[in-house]
Each structure stands twice: as C-alpha cells, then as structure tokens.
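**Student:** missing the sequence, but the structure's below:
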C-alpha cells in the first residue's frame, strides 16, 4: 500500500511538469510562435494566440503557472509538515484542483467545438490537471467526506452567491445581446464585451458545480432531496445550453443577420439565439430560487415543473425571434406596438 507521501511526491512531479508546459507556452506566446513545436500535427500557434487564450483579461498560461506553482508549494508543505497542515489549507488546495479540471474541460471544449483545432501541449496540461485531482484523493491528509462536511456552511453560501452572480451575468449578457441586435447586427466591440460577460457567467457556473458537488460529497443524503435534484438539473441544463449559446453561437454572433438578402447564417443560428438566451435566463433564475427556498415538493414534481417552465420559455423565445424577423423585414402591421 503506497503511503500518502508517495502520492504527494507524485503530485509535485505532475505539478512541475504542468508548470514547465505553462512557462513554455507563455514564452512562445510572448516571443514568437513561428515554428513552435506542437506534437501530433497540432495547431498550438493558432490556439494560444486566439481570443480564447485569455480569460477575464489574464493569459490562460499565466493562470496555469499560478495554479501549478500553488500545487508544487502546497504539496511540498504536505510532505515536509504532514502533521501540522491545517484543514482549511487542504480544503483550499483540493478545491483549486477541482476548479482547474473544470477550467481545463472548458478550454478543451473550446478547442474541439469553437476553434476546431487542437493544441497538443494544452491537452497534456489538461491531462496533468486531471491526474493531480485523481491522486489528490489518496494524498489528502484529511478524509474528503469529513473535509467537505466541515466546510458545508461556506459551500452552501458559495453556491447561493454563485447562482446569484450567474443570474446577474446572464441577464447582462442577454441585455447586451438584444441591445446589440436592435440594429440587427453586432459589432466587433460589442462581441468582445459579450465574450467578457460570457466568461464571468462560466466562472459562476463553475462555482455552482464545484460547491454543489462538494456539498454532496460531505453529505450524500442531499442526493435524494428535491431541492438538490432540481438544482442539479438546472445546472446540468445550463452547461449544455450555454455550451451552445455562448461557446458556439457567440463565436459566430457577428454573422447573425435578420434582414432578407443578408448573407445566410450558418446552420440558421438566428433561429436559436433568442431561445437559448431565454432558456439560460430561466434556468439561472430557477437555480437561485430552488436554492433559496424550502421545497415541500417531491423530486419528480420539481423536475416536472422545471421542464414545463423550460418548454414555455422556449416557446416564448421562438415567438420573440419571429417578432424580430418581422421587424427586420418591416412586415409588422401598422397597428402593432412591437415596431
């Protein structure tokens, strides 16, 4: 049976490897990416210089350098002082590893779906972050269940704040979106603003997922509660919905046109923008409401109500999109107040 120190040493090695890759990518990005080594015929140059190479204004590789540095220092402390490491320190390190894996999944999705090109070094870094999280469980100096239960109060309020923040950023995103579409096109500056707000929304969603998963680890009985099931359903739908809405549609958002005779929108994206926006807002509001209220309903009733509301909001989105098309083509009746 391997000791905790062996697992901790393995994480230090993984952290050093990830740190080396992050430094290499940053160096290449800031000097020259021409002729950059990218195994397996990848597109490293294009990926690390794309608009998605920054998150909330920070270079992604800088965030990687910061994370891997924390991991190396933290687990060095675990190895050297295993008996005196406080639980809050262990909690913070493990939570950072969970966030890193989610962030890596986000970046990998962008490479495969949004950019349709791969950075081999980025994929190796994502694998390393996943490996660190897997090894972190046996390497922890405190039991994972007990650790999450100890900080359940903090996790609960983190989930509430994250849901409220997500609702606020989603509302801002969609307000900006529809304001931009008043003249039936979106400028490059408006698209950049939308991208920044979108990243804030994803940060909030990551916080919701991490805090919810941690709460369930600390208290498995939550898995059968109606509120938790409803919140998990809303969060799951948000991941799927916003993966299309903000990470695929937003990439082509400057191509969305409503007027007849304009260039055809790929895959008829103009038909889905409004529906995706409406269902995103509805799901964020549902998530916050479910978390804030004591739910007397059964799990099946919560799920049914959420899905019914989702269907109604989707139909509303379809109708609103139709109105926008009619406005763009000046086909609304003279008496209509929707001009």
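**Tutor:** Received it, and whenever you're ready, just let me know what you need. This one's a predicted model, so the numbers in the text were calculated from it and none came from an experiment. Numbering: from 1, shown residues only.

**Student:** Now do the buried residues in whatever helix or strand residue 17 lives in.
**Tutor:** According to DSSP states H and E, residue 17 maps onto helix 4-30. Of the residues in helix 4-30, 7-12, 14-15, 17-19, 21-23, 25-26, 28-29 count as buried by neighbour count, 16 or more other C-beta atoms under 10 Å. Every C-beta, even on glycine, is put in place using the N, C-alpha and C of the backbone.

**Student:** after it, next one along is what?
**Tutor:** Next in sequence after helix 4-30, counting helices and strands by DSSP H and E, comes helix 44-48.

**Student:** And for that following helix, what's in contact with it?
**Tutor:** Contact with helix 44-48 is made by 25, 28-29, 33-34, 36-38, 53, 60-61, 111, 115, 117-122, as judged by C-beta atoms under 8 Å, 6 or more residues apart in numbering.

**Student:** go with 10 Å
**Tutor:** With C-beta atoms under 10 Å, 6 or more residues apart in numbering as the test, helix 44-48 has contacts from 25-26, 28-29, 32-38, 53, 59-61, 107, 110-111, 115, 117-123.

**Student:** Next one: the most centrally placed residue in the chain relative to residue 321, how far apart?
**Tutor:** In the chain, the centroid-proximal residue (C-alpha atoms, centre = their mean) is residue 202; its distance is 3.5 Å. Using C-beta to C-beta, to the nearest Å, we find residue 202 at a distance of 24 Å from residue 321.

**Student:** Phi first, then psi, for residue 59.
**Tutor:** Dihedral pair for residue 59: phi -60, psi 130, per degrees, to the nearest 10.

**Student:** and it, how many residues sit next to it?
**Tutor:** By the measure other C-beta atoms under 10 Å, the count of residues near residue 59 is 17.

**Student:** For it, give me its contacts.
**Tutor:** Per C-beta under 10 Å, 6+ apart, neighbours of residue 59: 22, 25, 26, 29, 30, 48, 53, 65.

**Student:** Correct me if wrong: the fourth one contacts residue 60.
**Tutor:** Think residue 29. Yes. Between residue 29 and residue 60 there is a contact under C-beta atoms under 10 Å: 9.5 Å.

**Student:** Can you work out which residues contact both of those two?
**Tutor:** Common neighbours of residue 29 and residue 60 are listed as 48, 53 (criterion: C-beta under 10 Å, 6+ apart).

**Student:** Give me the neighbour count for residue 290.
**Tutor:** Per other C-beta under 10 Å, the neighbour tally for residue 290 reads 23.

**Student:** in which helix or strand would I find it?
**Tutor:** helix 273-292.

**Student:** buried sites along that helix?
**Tutor:** 273-288, 290-291.

**Student:** Which elements pack onto the helix or strand that it is followed by?
**Tutor:** Using DSSP H and E, the helix or strand that follows helix 273-292 in sequence is helix 299-328. Other helices and strands packing on helix 299-328, by 3 or more C-beta pairs under 10 Å, 6 or more residues apart in numbering; DSSP states H and E, are helix 226-244, helix 273-292.
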